[in-house]
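J.: attaching a predicted model along with its sequence, questions to come.
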Amino acid sequence: MVELRAGVDVGAPPERVFAALTDWARQGEWMPGTRVHVVKGDGDAAGDEIVARTGIGPVGFDDPMRITAWEPPVRCEMAHLGRVVRGGGVFLVEARGAGSRCTWVEWVDPPLGLVGQLGLRAGRRPSQRVLRVALRRFARWVEAEQEAGPAERPAQGPAE
């Protein structure tokens, strides 16, 4: 298992940050090349399931996940259930002054055994860079929405 970790400060309160992180239908607005949809439940409770489709056009893969911990506005933990991405991940949100600190951690168990482990270890830095880029986009996205003054989405689940 390889751990990938990235964090970003966000100029928004934890409730808003958590609601935006778990607004599955809108994750593609800040996560490059990814669309997410809920396939079981409402996407706002342990046991609910989502699928993230990552790729460009017809080339890509599905990453089915189950929510294993749901603690708004501080923690959403997932189990990756697919063939390509296995392991777990967590979004953590903590208050930091008038804003928040958002941390994204992935514990990845790559396919192909030792070959996959070695490949992921070699690709750890580029993979973490992808997480950092996504989180910086996320922070800008949340801050822009906050400045624009949209109605705050509820912390319990995604926008419909």
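T.: Nice, I can see it.

J.: any idea which element residue 140 lies in?
T.: In this structure, residue 140 sits in helix 124-148 according to DSSP states H and E.

J.: just the strands in this structure please.
T.: 2-10, 34-40, 49-56, 59-71, 75-81, 86-96, 99-108 (DSSP state E).

J.: which one of these lies closest to residue 132?
T.: Checking the strands of the chain against residue 132 by Cβ to Cβ gives strand 2-10 as the closest, at 4.5 Å. (Glycine included, C-beta is placed from N, CA and C.)

J.: strand partners of that closest one, parallel vs antiparallel please.
T.: strand 99-108 (antiparallel) (DSSP bridges).

J.: how distant is the strand it pairs with from the center of its chain?
T.: 8 Å (Cα atoms, centre = their mean, to the nearest Å).

J.: hey, which helix or strand in this protein has the poorest pLDDT?
T.: helix 113-122 (a mean of 64; mean pLDDT, DSSP states H and E).

J.: how about the contacts made by residue 99?
T.: 9, 10, 11, 12, 13 (Cβ atoms under 8 Å, 6 or more residues apart in numbering).

J.: which residues does the last one contact?
T.: Residues near residue 13 by Cβ under 8 Å, 6+ apart: 95, 98, 99, 100.

J.: try 6 Å
T.: Residue 13 makes contact with no residue under the criterion Cβ atoms under 6 Å, 6 or more residues apart in numbering.

J.: do the same with the fourth one
T.: The contact partners of residue 12, taken as Cβ under 6 Å, 6+ apart, are 99, 142, 146.
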